[in-house]
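A.B. asks: sharing a sequence plus its predicted fold:
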Amino acid sequence: VKAFNENMPFDQFTVWQLAGDLLPEASEEQKIATGFNRNHMINGEGGRIAEENRVEYIFDQLETVGTVWMGLTFNCCRCHDHKFDPLTNKDYYSFFAFFNQTEVTGEGGDPKMPPNLPLYTDEAKKRLSELQDEIAAATPGVDARKRELGPGQADWERAQHFRIALAEDTESELAKLLDVPADQRDEKQNEKVKGLFLESDETYREANEQLRDLTKERDGIDKKAVKVMVMQDMAELRPTYVLERGVYSKHKEEVAAATPAALPVMPLDAPRNRLGLARWLVDPQHPLTSRVTVNRFWAEFFGQGLVRTTENFGVQGGPASHPELLDWLALTFTETGWDVKALLRLFVTSAAYRQSSEAGIEALAADPQNRYLSRGPRFRMPSWMIRDQALFAGGLLAPKLGGPSVKPYQPDGLWEEFSFGNIKYERDTGESLYRRSLYTFWRRIVAPPLFFDSSTRQTCTVK
């Protein structure tokens with residue numbers, strides 16, 4: 001939302017996505033942006049090996065970055081030197097090292113595995129701030145009263161012994177605790193006796209109850225917070241090794257974080273972490289990032305990229321139909337401050353885009369796939385657009401903008417079948433059934449069935 005409202009430049013957007021947490025005095029929004037890196041499949045099987053999971057998560061992270069920003073198929077060199085492109089097995093694990101520093105353990109259980117960032121409503125933030133002040137004000141009084149009472153504990157214990165003897169109350173918890181001489185109690189027993197002694201003092205008890213209530217309220221707000229998985233590097237560097245054929249436990253030589261040798265080197269003064277990597281990617285001298293990005297946007301408007309293989313700029317990818325145009329667009333993009341809106345305006349106001357999409361027999365014979373931009377682009381409606389058009393034509397499409405995801409109609413039992421009965425789809429009611437497809441809730445392992453032409457979303461898919 002912030003990027004949209006402020007027309008955030010693509011280079012800044014890149015830095016936030018890949019390394020927002022490493023920026024000086026990183027804001028909450030900059031940290032949230034790094035959730036992009038954590039948006040991979042997570043394996044929660046109890047029998048899975050945690051380290052194997054962790055390594056596979058990093059495979060997904062670095063291969064996604066390689067595809068999105070550089071149009072490179074890194075996957076091949078996970079196990080061996082790339083067969084076609086100048087990417088080596090060592091390059092892969094040197095790149096791996098940039099992402100190998102988070103506190104992620106790979107263990108199953110809670111899907112919101114740390115590191116994560118709790119998010120609060122404005123109201124909750126305000127109340128939390130008040131509670132922190134109130135707890136800070138109440139704590140010294142409780143601690144001071146505890147110190148005042150401390151010297152009197154031995155006398156209190158003797159008095160309790162006498163009271164218990166008179167009442168013959170030998171079965172109470174306190175009686176059993178005091179039966180053990182003070183110098184023979186374990187830590188847990190001593191803490192229990194001390195707690196009972198302090199609670200016997202009315203002044204301490206009232207002050208401590210107030211502090212306890214404040215702390216309980218704070219913890220309750222914390223519990224309700226939405227936890228977003230983010231990136232956060234450990235204080236101590238985790239060593240990275242080349243893995244034999246990508247097997248998590250088969251370590252070969254140790255490597256340091258570095259970019260592929262076939263590409264321009266990182267500046268010597270750049271940090272060897274994700275922040276240095278992100279800035280290297282958007283350096284105007286980088287030969288790939290601007291071209292790959294411009295080409296992907298071009299494909300959105302013209303139906304195909306100037307390089308048809310939008311996901312692969314390597315030797316096995318397709319050649320550019322208009323290489324000089326691609327170069328010029330990439331240079332224009334960087335020289336105008338990586339302004340995406342300006343780039344898209346350039347596309348849609350161009351003579352190439354504004355042509356009619358009609359084509360005669362001769363034109364179709366000479367340029368059947370429109371590689372030479374001899375006519376305007378033609379599109380078929382994707383599934384989500386067909387749904388929206390059908391709802392609109394039927395007078396049902398809800399015009400509401402924004403808000404949380406919705407759950408429209410889908411066949412019964414679909415989620416249960418894919419989740420061994422653990423997750424049940426609860427369909428919405430009213431206008432939520434007819435919101436634009438953009439708002440439809442999407443469970444990655446089983447997409448909404450009405451989106452019949454969509455990719456699985458289990459791995460990075462450019463097309």
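C.D. replies: Thanks, I have the structure now.

A.B. asks: where does pLDDT dip in the stretch 101-250 of the chain?
C.D. replies: 109-112 (pLDDT under 70).

A.B. asks: show me where it has its helices.
C.D. replies: 122-149, 153-167, 173-178, 187-199, 202-224 (DSSP state H, counting those that start in this stretch).

A.B. asks: can you redo these as TSV with mean neighbour count and distance to residue 350?
C.D. replies: Heads up, the C-betas are built off the backbone N, CA and C, glycines and all. Output for those, formatted as TSV (neighbours: other C-beta atoms under 10 Å; distance: least, C-beta to C-beta, whole Å):
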stretch	mean neighbour count	distance to residue 350
helix 122-149	13	44
helix 153-167	13	84
helix 173-178	15	83
helix 187-199	14	75
helix 202-224	14	50
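
A.B. asks: among the ones you listed, which is nearest residue 230?
C.D. replies: Nearest to residue 230 among the helices of the stretch 101-250 of the chain is helix 202-224; the distance by C-beta to C-beta comes to 16.6 Å.

A.B. asks: so which elements touch that closest one?
C.D. replies: helix 122-149, helix 187-199 (3 or more C-beta pairs under 8 Å, 6 or more residues apart in numbering; DSSP states H and E).

A.B. asks: before we move on, the earlier item: turn the helices of the stretch 101-250 of the chain into a markdown table, including distance to residue 398.
C.D. replies: A markdown table is the format used below for those (distance: least, C-beta to C-beta, whole Å):
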| stretch | distance to residue 398 |
| --- | --- |
| helix 122-149 | 26 |
| helix 153-167 | 67 |
| helix 173-178 | 61 |
| helix 187-199 | 57 |
| helix 202-224 | 28 |
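
A.B. asks: out of these, the one nearest residue 94 is which?
C.D. replies: Using C-beta to C-beta, the nearest of the helices of the stretch 101-250 of the chain to residue 94 is helix 202-224, at 39.2 Å.

A.B. asks: show the contacting residues for residue 180.
C.D. replies: residue 189 (C-beta atoms under 8 Å, 6 or more residues apart in numbering).

A.B. asks: phi and psi next, for it.
C.D. replies: phi -90, psi 120 (degrees, to the nearest 10).

A.B. asks: gap between it and residue 172?
C.D. replies: 14 Å (C-beta to C-beta, to the nearest Å).

A.B. asks: residue 308 now?
C.D. replies: 82 Å.

A.B. asks: swap in residue 21?
C.D. replies: 53 Å.

A.B. asks: the two: who's more crowded?
C.D. replies: residue 21 (22 against 12; other C-beta atoms under 10 Å).

A.B. asks: so the more buried one makes contact with residue 36?
C.D. replies: No. Under the criterion of C-beta atoms under 8 Å, residue 21 is not in contact with residue 36, lying 11.4 Å apart.

A.B. asks: what is the burial count for the closest residue to residue 16 other than its chain neighbours?
C.D. replies: Residue nearest to residue 16 in three dimensions, not counting chain neighbours: residue 33, with 3.9 Å by C-beta to C-beta, 6 or more residues apart in numbering. Burial of residue 33 is recorded as 26 neighbouring residues (other C-beta under 10 Å).

A.B. asks: how close does residue 33 sit to residue 125?
C.D. replies: Taking C-beta to C-beta, one finds residue 33 at 19 Å from residue 125.

A.B. asks: mind listing what residue 419 touches?
C.D. replies: residue 445.

A.B. asks: typo on my end, residue 207
C.D. replies: 138, 141, 142, 145.

A.B. asks: residue 280: which of these is nearest?
C.D. replies: residue 138 (50.0 Å).

A.B. asks: what residues does stretch 12-32 touch?
C.D. replies: By C-beta under 8 Å, 6+ apart, the list of residues contacting stretch 12-32 reads 2-3, 8, 33-34, 36-37, 65, 69, 117, 119, 228, 230-233, 271, 273-275, 277-279, 281-282, 289, 338.

A.B. asks: filter these down to the buried ones, ChimeraX style.
C.D. replies: The buried residues among those can be selected in ChimeraX (16 or more other C-beta atoms under 10 Å) with this line:
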select :3,8,33,34,36,37,65,69,117,228,230,231,232,233,273,274,275,277,278,279,281,282,289,338
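
A.B. asks: can you tell me which of the contacts of stretch 12-32 are in helices?
C.D. replies: 2, 3, 33, 65, 69, 274, 275, 277, 278, 279, 281, 289 (DSSP state H).

A.B. asks: as a check, name the ranges of all strands in the stretch 201-350 of the chain.
C.D. replies: 226-229, 240-243, 251-255 (DSSP state E, counting those that start in this stretch).

A.B. asks: can you add distance to residue 190 and give those strands back as CSV?
C.D. replies: CSV is the format used below for these (distance: least, C-beta to C-beta, whole Å):
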stretch, distance to residue 190
strand 226-229, 37
strand 240-243, 47
strand 251-255, 47
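
A.B. asks: who wins for proximity to residue 455 among those strands?
C.D. replies: strand 226-229 (22.0 Å).
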